[in-house]
Every structure is written in structure tokens, then in C-alpha cells.
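**Q** no sequence on this one, just coordinates:
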């Protein structure tokens, strides 16, 4: 069965799907897009104006409402408005730079950078680069020991019966779980490549659909991570619309056919910046399709005795205790307010550390706080 959609229709459906993904997640995590909350807002630059009071609510509704209108009225200026609001609000609070929001924003960028009369095929290929990068780079970035260890630990917990104390969903042999663990990065990266070829495209689409379907099932089975469900469904719809029935003369068409400044810009975001991150780490991880790779650092902040009594009540609510030590799990706090994980860049945790220390009589005093990476320790 072939999808009888024109290139313009494909682009339009992926545009709508990208917007719907953001809208659903804004409703799921409304506080993420507000500054009036207990979790600190973390701007990229100190001089960025942070909306408060009525302006805070105004920007939330403007961002949400402009996207609703953009669904029904495919106007280029509306796309630029949505994209501009996303950039501004993400600069105000970097925790909004979650993978699903970033991918949708890139999708809108790939559409609005072209003039209205641009050939639909050009726009389609620019959008396709985003999905190639999503699977290719996400797989490549998973080639690390932290991913292997954490992935195998999770598989053993739910799919191995060696430890009878676990409530395994199904019993699978250890050799299979280990082999699958080491194959996952290569499988995911190869799907990005196989999407580029006529003979392998439908196989790649089928594999990607199966992968997302299994992820969604497991999220509901495990009872957490619901914020990722709309993103998985969004990608399932998008890969079918974009790739099922697509025919090309060469895999290089997506990168070089009808080359123009718009294609250069998309290659910058989908190839050059991820490559720079992979080789040198000079660009943000999540903005380099570093999705669920297990090697990004998440922190506990150990609170010293001098600071423990001085922090406000809304912070003390997240005090946790272990062997006489008081600490805050930053991800737990972020998820309670924002319903997303803390943005995993060192500059962000340093900002949080400074925020907590600011409540001390002398914020520069030693031993007020201590940062501890908790997700890279093998137990």
C-alpha cells in the first residue's frame, strides 16, 4: 500500500504533527513554560528579560495560541512567530530545550526558511534531514560504556529470570540480552542510513515503527516517562508520511540535490553541529541528538550543615537523607515542577549550585554544597 501524498502534503502533515506534539506536551507540563514556579528559571544569559506576572501568562498563551492558529492557517509569518517564541522562551529557561521540543522547532525551521514559492521537494528534503539525524546521531551517541551498562541492567531487571527477586515481563537468555545491548546503537544509527535508500527505506520505517511501539508499551508498563509518549507517536506518524512510498534517484539527493543556503543551514544543524559535539563536545548534547544515551551527567547536590537550615521551605521539601547526609536530587525537583528532566549541561548545574548557595550568609563559603554525579555509578 502506498501513501498517495504530494510532497507539499507530506510537509504539511509533518508540520501539523510537530505542532501537535508541542501542544500536547505543553498541556502535560504547563509549568515548564512559566517562570512563576518554585524550580529556578535558568536563562542562557543574565541580561535576557524574564517575563513575570501577567507577561508570564501572556507569553504562555501567545506561544500556545499561535501554534493552534498555525495548524489551521499555514502562513509563513506564523511559523516564524512560533519559532521566535520558542527560541526566546528557551533562552529564558534552558530546561525547555528538551529533545521533543527541539526536534519540533527544527522541523518548523526547515519549513519556514524556504520562501512560499520554493519547490516542495526542497522543503521535503530539508525536513527529512532532521529525521535522518534523529536516528543516526542518537545511535552513534549511544556507543559508550554507560549506555551498555544501564541498558543491560534495565533488560536484566525486566527480561531476565536469573534474579528471581525481579518481576520479569518475559524470560530471555543472557547471551541474547547482552548481544542486543551492544547491537542497539548500531541498529538505531543504521536505520537513519537505511532511510536514505529506496531498497531499504520501507524496512527502516517498519523497524522504527516497531521500536517506538515497544518504547510506548514499556513506558506504560513501567509507569513513568509519559512525557516521551507523544514524541514517540509524533515520530511514528512522521516517518510513515515522509518515507513510505518515497522514491529517489540517489541517497545523496537529501544532502546535495538542488543545493541552496537553506540546505546548508539544515546540514549545519543536522550534520556539522552533532559532529562537532561528538568529536569535541563544544555544542550542547541534547541539541546534537544526544537522546537517551545514558552518558550525560545528572546530579545530587549535597547540602552542608551551614546551608541546610537556611534554604526556603519549597527547597527543603526535596531534602533526602542518606547515612547522615542531606542532599537534593535535582532531577526529582525538576520533574515535580517541570515534569521533565533537568537539562544536562554543566553550566546548568553550576547555576543551580549558585542559586542554592545564594541563601547562605556568605555564598562563597566552602563546603556549603557538593555536586555528586549519581547516574554513572555502577552498583
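**A** Arrived safely. Bear in mind that the values here come from a model prediction, so they are computed numbers and not experimental data.

**Q** where does this protein have low pLDDT?
**A** Scanning the chain for pLDDT under 70 picks out 1-3, 163-168, 377-379.

**Q** how does it divide into domains?
**A** Domains of the chain are assigned by automatic domain parsing as 7-288, 299-373.

**Q** need these in JSON lines with mean neighbour count, can you?
**A** Just so you know, the C-beta spots here come from the backbone N, C-alpha and C atoms, and that holds for glycine as well. Formatted as JSON lines, the entries for those read as follows, by neighbours: other Cβ atoms under 10 Å:
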{"stretch": "domain 7-288", "mean neighbour count": "17"}
{"stretch": "domain 299-373", "mean neighbour count": "16"}
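
**Q** pull the residues that contact stretch 199-209.
**A** Under the criterion Cβ atoms under 8 Å, 6 or more residues apart in numbering, residues 135, 187, 191, 194, 195, 235, 236, 239, 240, 243, 244, 246 lie in contact with stretch 199-209.

**Q** so which of these sit within helices?
**A** By the criterion of DSSP state H, membership of the contacts of stretch 199-209 in helices covers 135, 187, 191, 194, 235, 236, 239, 240, 243.

**Q** and the gap between the third one and residue 222?
**A** Just to be clear, that refers to residue 191. For residue 191, the distance to residue 222 equals 23 Å [Cβ to Cβ, to the nearest Å].

**Q** in what helix or strand does residue 372 lie?
**A** Assessed by DSSP states H and E, residue 372 sits inside strand 369-373.

**Q** surely residue 326 is within a strand?
**A** Yes: remark: residue 326 belongs to a strand, assigned using DSSP: H, G, I helix; E, B strand; the rest coil.

**Q** beta partners of the closest residue to it other than its chain neighbours?
**A** For residue 326, the nearest residue in space outside its immediate sequence neighbours is residue 303; the separation is 4.6 Å by Cβ to Cβ, 6 or more residues apart in numbering. Taking DSSP bridges, one obtains residue 326, residue 369 as the residues bridged to residue 303.

**Q** hmm, residue 356 and residue 303 touching each other?
**A** Yes: distance between residue 303 and residue 356: 7.4 Å, which falls inside the contact criterion (Cβ atoms under 8 Å).

**Q** shared neighbours of those two, which are they?
**A** In terms of Cβ under 8 Å, 6+ apart, residue 303 and residue 356 are both contacted by the residues 311, 328, 368, 369.

**Q** wait, which of the residues you listed is closest to residue 375?
**A** For these, the residue nearest residue 375 by Cβ to Cβ is residue 328; the value is 14.9 Å.

**Q** and the closest one, what does it touch?
**A** Residues touching residue 328, when contacts are defined by Cβ under 8 Å, 6+ apart, comprise 300, 301, 303, 315, 318, 319, 320, 356.

**Q** in helices, which of those residues appear?
**A** Going by DSSP H, the helices hold 315, 356 from the contacts of residue 328.

**Q** okay if I get the contacts of residue 328 as CSV plus distance to residue 95?
**A** As requested, the contacts of residue 328 are exported to CSV (distance: Cβ to Cβ, whole Å):
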residue, distance to residue 95
300, 17
301, 16
303, 21
315, 17
318, 16
319, 21
320, 21
356, 16
